[in-house]
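Visitor: Everything below, folded, please.
(one chain, ligands or ions: 1)
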Amino acid sequence: MRDLIIVGGGPAGLTAAIYAARAGLSVAVVERGFAGGQMTATADIVNYPGFETIDGAELARRMEAHARGLGAEVLTGEVRALWLKPGALTVVTESELPARALILAMGTRRRKLAIPGEERLAGRGVSYCAVCDGAFFKDRDVAVVGGGDTALEDAAYLAGVCRQVTLVHRRGAFRGGRHLEEVLRRLPNVTLRLEHVAEEILGDKAVQALRVRDLGTRAAAELPVSAVFVAVGVVPDTALLRGSLPLDAEGRVEAPEDGRTQIPGVFVAGDLRQKPVYQIVTACADGAMAATAAARCLRGGRIWKLWGCVRDADLQCGAAYDGRRGFGGGMGAHGGRAYPFGGPPGDMPRGGAGRCGRRRRGGDARPHRRPLSHRRL
Ligand code: NDP
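Guide: Residues are numbered from 1 along each chain as shown. Alright, predicted model coming up:
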């Protein structure tokens, strides 16, 4: 049995794999397609620190190589069920994969427009991935529907491939980033149709036009296009969790930052966790937090108890956990008790005076730390 199985190989899942492998856990990531998740459908990522711009597929490849290089397995398989019984956690693909802990990082899927013609012409000009399908419409006229970052990025990418791009958005202002909007406004082959709704996708065997309506004048128009790229947001991929974990109205899991759920040993990370900002960096942060919490949980019996940092009840990996306050009382949960050598083992969170810091003479509560080179990272 593996220590940890991570479901979903996007930035949250791959980062969790990196942190878990570094914490010495046996870990496998189960991914249905290519590792990287939605990153692989992004042409240029311009807000991932350290890279002014990087191709999404390249960033995904690097994250996967990083995780594999540390010993994480990356398995391909469609997850059919999740058995979330405490003590018998199992991921069911074509086989049953038991694990001591799970991190669920399935991310999101693209939302559908739900207008006539969309389903019938899916794959015949209706697309949910500009980077994947844009080249099929080289030098043709296309439309993008949506007003968030994805729609703006898709329109900018398609402008470099297609002859003319019309961006249709139902409001007068975009939800996506100002920087991207400015880029679009400078592109000569991009037309913005603000305050327009897409009503129907027309075509016999393939897309021939998009019917839109001006919300001000109520006039309808047919845009002759060969493809419609739908970029109207995402829905969390949490269907497998219904009935097991409480989901919010959008289908996201409510969990604290370390991803701990009410099921002992089960953590969530990435875009399926309810949070204020959905970006690659926040997905990575989630993965790091969840893997660290999972490692701490798994080590509980062996190390934490030995070091006297948690009570027996805490070793339930979540059962005694209060998401807002942490183990039995928040940041000062150890009651001021110091670790030997001034810090917890390498897979545990450091810092925070009052967390694991040794109180110094004169009331200085700075954490006592070993020099960086001596720490287990
Ligand atoms: P968003 O939810 O941000 O935007 C969805 C857009 O689609 C909104 O403008 C919304 O309109 C519109 N919309 C929703 N439903 C319909 C409908 N039925 N008909 C017409 N329009 C509709 O989704 P994104 O996929 O753009 O982004 C998801 C998250 O990922 C965001 O947090 C985003 O910031 C992030 N992201 C970040 C990127 C980056 O930083 N490089 C790249 C891509 C995504 P309305 O405004 O009226 O609600």
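
Visitor: Tell me how far V7 lies from D139.
Guide: Using Cβ to Cβ, to the nearest Å, V7 is found at 41 Å from D139. Bear in mind the C-beta positions are built from the backbone N, C-alpha and C, glycine included.

Visitor: next one: L152
Guide: 22 Å.

Visitor: ditto for L89
Guide: To D139, L89 is 51 Å away according to Cβ to Cβ.

Visitor: returning to what we had before: for V7 and D139, indicate the residue with more neighbours.
Guide: The neighbour comparison of V7 against D139 (other Cβ atoms under 10 Å) goes to V7, with 28 against 9.

Visitor: Help me confirm that V281 is found in a strand?
Guide: No - checked against DSSP: H, G, I helix; E, B strand; the rest coil, V281 lies outside a strand; its state is helix.

Visitor: Surely it and P49 touch.
Guide: Yes - with contact defined as Cβ atoms under 8 Å, V281 counts as touching P49 (6.8 Å).

Visitor: and the residue of the chain found nearest the ligand, how many neighbours does it have?
Guide: Residue of the chain nearest the ligand, by Cβ to the nearest ligand atom: G148 (2.3 Å). Using other Cβ under 10 Å, G148 has 18 neighbouring residues.

Visitor: And it, its phi and psi?
Guide: Main-chain dihedrals, G148, degrees, to the nearest 10: phi -90, psi -170.

Visitor: show me what contacts it?
Guide: Listed by Cβ atoms under 8 Å, 6 or more residues apart in numbering, the contact set of G148 reads F174, R175, G176, A231, V232, G233.

Visitor: swap in L180?
Guide: Contact partners of L180, counting by Cβ under 8 Å, 6+ apart, are D149, L152, E153, A156.

Visitor: Can you flag which of those residues belong to helices?
Guide: Among those, the members found in helices (DSSP state H) are D149, L152, E153, A156.

Visitor: my guess is the third one contacts A43, does it?
Guide: Yes - if you go by Cβ under 8 Å, E153 and A43 touch, sitting 7.0 Å apart.

Visitor: what do those two both touch?
Guide: Residues within reach of E153 and of A43 at once, by Cβ under 8 Å, 6+ apart, are A130.

Visitor: which residues sit in contact with G71?
Guide: Taking Cβ under 8 Å, 6+ apart as the criterion, G71 is in contact with A21, V27.

Visitor: now with 10 Å?
Guide: Contacts of G71 were listed using Cβ atoms under 10 Å, 6 or more residues apart in numbering, and they are A17, A20, A21, R22, G24, L25, S26, V27.

Visitor: ok so it is a strand residue?
Guide: No - with three-state DSSP as the criterion, G71 is coil rather than part of a strand.

Visitor: Model confidence at it, what's the number?
Guide: If you check G71, the pLDDT there is 97.

Visitor: Just give the nearest non-adjacent residue to R185, would you?
Guide: Of all residues not flanking R185 in the chain, L192 sits nearest, at 7.5 Å (Cβ to Cβ, 6 or more residues apart in numbering).

Visitor: and if you look at Q208?
Guide: Nearest residue to Q208 in three dimensions, chain neighbours excluded: L202, at 5.5 Å (Cβ to Cβ, 6+ apart).

Visitor: Tell me how far the one you found lies from H169.
Guide: Remark: distance between L202 and H169 (Cβ to Cβ) = 20 Å.

Visitor: Show me which of these two is the more surrounded one.
Guide: Legend: neighbour count by other Cβ under 10 Å for L202 and H169, higher for H169 (26 against 18).

Visitor: and that one, what does it touch?
Guide: With contact taken as Cβ under 10 Å, 6+ apart, H169 is in contact with 144-148, 151-152, 155, 175-176, 192-198, 231-232.

Visitor: And it, how close does it get to V183?
Guide: From H169 to V183 the distance is 16 Å (Cβ to Cβ).

Visitor: circling back: next, format the contacts of L180 as a markdown table and append neighbour count and pLDDT.
Guide: Shown next, in a markdown table, are these (neighbours: other Cβ atoms under 10 Å; pLDDT from 0 to 100):
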| residue | neighbour count | pLDDT |
| --- | --- | --- |
| D149 | 20 | 93 |
| L152 | 27 | 96 |
| E153 | 26 | 94 |
| A156 | 22 | 96 |
